[in-house]
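1. sequence and predicted structure, then a few things I'm wondering about:
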Amino acid sequence: MFSVEQLHAFVATVDSGSFSAAARQLAKAQSVISQHIINLEIDCNATLFERTGRYPQLTQAGHKLLPHAQALLNQHQRLLNSALALNDSTPSEVTIALDEGIPFSAMASVVEELNNAYPNVTLEFLSASSLDVIDLLKQETPLTGIIFSELNLPTNLDYECIGSVNFDLYVAKSHPLAKQAVKNIDSLRLYRQLLIRSRNTQTSSFQLKVSPDVLFADNYYLLLQLTLQGHGWCLLPEHVAHEALQANELVRLPIEFEKMQWHANVDILQHQKYSDLAIFKTLRKLLRNIL
């Protein structure tokens with residue numbers, strides 16, 4: 001019967017595109033990866049890859065096996081993480097990483113209650129874009145992320161939705177767009193867009209690039225300043241834009257389709273290695289009420 005190692009070799013080959021790349025990904029010799037695939041094909045009594053071209057291509061049988069192999073490996077990793085958490089070893093330090101577009105003021109009661117429940121645990125707070133928080137969680141650190149929902153998340157992260165934050169389109173009062181009613185979103189292609197992206201140049205699944213002319217920043221407060229300086233139009237959280245809006249320095253983009261407001265869901269993310277620990281369960285419970 002096939003082994004977990006064989007399934008890892010199979011899925012890594014599909015993900016990376018070749019046996020040699022899978023070997024590098026899994027820190028194995030290429031011959032070991034090739035033998036795992038051969039043994040898996042023998043156990044399944046089916047050819048999983050076409051090897052006639054430069055790179056291996058999945059056969060019909062390989063396509064059928066792939067989702068089952070991925071699901072089994074995900075469950076195997078969850079089993080390993082659960083086993084590691086059986087002794088419920090509370091870490092001495094817990095990090096909460098927050099997308100700066102999510103209001104930190106809502107965290108005050110959470111900090112106090114968590115400190116009361118775990119007085120010997122040191123809390124650290126980080127501010128980063130949602131995609132950068134996801135990258136931090138990939139490193140298996142004792143971290144809780146509070147991010148704007150993303151469509152694609154690593155399978156070893158647990159998550160739940162805790163509410164939403166309102167977004168809208170803004171420009172500086174001095175910007176040409178502030179003096180006209182835009183007929184539709186397509187009209188915005190004629191003007192520079194200010195867009196959020198992570199430090200490794202990933203863009204959010206809900207922050208779509210519309211204009212061919214773009215300036216990027218990794219946090220919403222930088223985007224706000226760029227917007228106020230008249231560099232372009234931008235999608236911002238309402239609480240980030242509020243003060244400049246009240247000061248009449250910023251305006252909501254005048255648009256004929258009036259209800260353009262976005263509601264971005266906010267998720268809690270934790271690595272499976274820690275999500276079953278009591279302190280992380282407590283933190284999730286406290287965070288459910290902040291929005």
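-> Received the coordinates, thanks.
2. may I have the host helix or strand of N116 as CSV, with CA atoms only?
-> N116 is part of helix 108-117 when elements are defined by DSSP states H and E. Written as CSV, here are the backbone C-alpha positions of helix 108-117 (Å, rounded to 0.1, in the frame of the first residue of the first chain):
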residue,chain,number,x,y,z
ALA,A,108,-8.1,47.2,24.0
SER,A,109,-10.5,44.9,25.8
VAL,A,110,-8.9,41.8,24.2
VAL,A,111,-5.5,42.8,25.5
GLU,A,112,-6.8,43.3,29.1
GLU,A,113,-8.8,40.1,29.2
LEU,A,114,-6.0,38.0,27.7
ASN,A,115,-3.5,39.5,30.2
ASN,A,116,-5.8,38.6,33.1
ALA,A,117,-6.2,35.0,31.9
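3. how much space between the residue lying closest to H263 once chain neighbours are set aside and G101?
-> Using C-beta to C-beta, 6 or more residues apart in numbering and skipping the chain neighbours, the partner closest in space to H263 is S164 (4.5 Å). The way it works is simple: take the backbone N, C-alpha and C, and place the C-beta from them, glycine included. The gap separating S164 from G101 is 12 Å, by C-beta to C-beta, to the nearest Å.
4. tell me, what's touching these two both at once?
-> When contacts are counted by C-beta atoms under 8 Å, 6 or more residues apart in numbering, S164 and G101 have A264 as shared neighbours.
5. which of these two has more neighbours?
-> Taking other C-beta atoms under 10 Å, S164 and G101 do not tie; G101 has more neighbours (24 against 14).
6. and that one, what is it in contact with?
-> G101 sits in contact with S130, F148, V165, I196, N219, Y220, L236, P237, V240, A264, where contact means C-beta under 8 Å, 6+ apart.
7. of those, which belong to helices?
-> Using DSSP state H, S130, Y220, V240 are the members of the contacts of G101 that sit in helices.
8. okay, the residues you listed in JSON lines with distance to L286 and pLDDT next?
-> Formatted as JSON lines, those follow (distance: C-beta to C-beta, whole Å; pLDDT from 0 to 100):
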{"residue": "S130", "distance to L286": "20", "pLDDT": "88"}
{"residue": "Y220", "distance to L286": "24", "pLDDT": "90"}
{"residue": "V240", "distance to L286": "24", "pLDDT": "92"}
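9. show me what the helix holding N116 is packed against.
-> Packing contacts for helix 108-117, counted by 3 or more C-beta pairs under 8 Å, 6 or more residues apart in numbering; DSSP states H and E, involve strand 122-127, helix 278-287.
10. any buried residues in the shortest one, and which?
-> Neighbour-count burial for strand 122-127 flags no residue at all (criterion: 16 or more other C-beta atoms under 10 Å).
11. would you mind getting the angle between it and helix 278-287?
-> Orientation check (axes from the mean of the first three to the mean of the last three C-alpha atoms, to 10 degrees): strand 122-127 against helix 278-287 gives 50 degrees.
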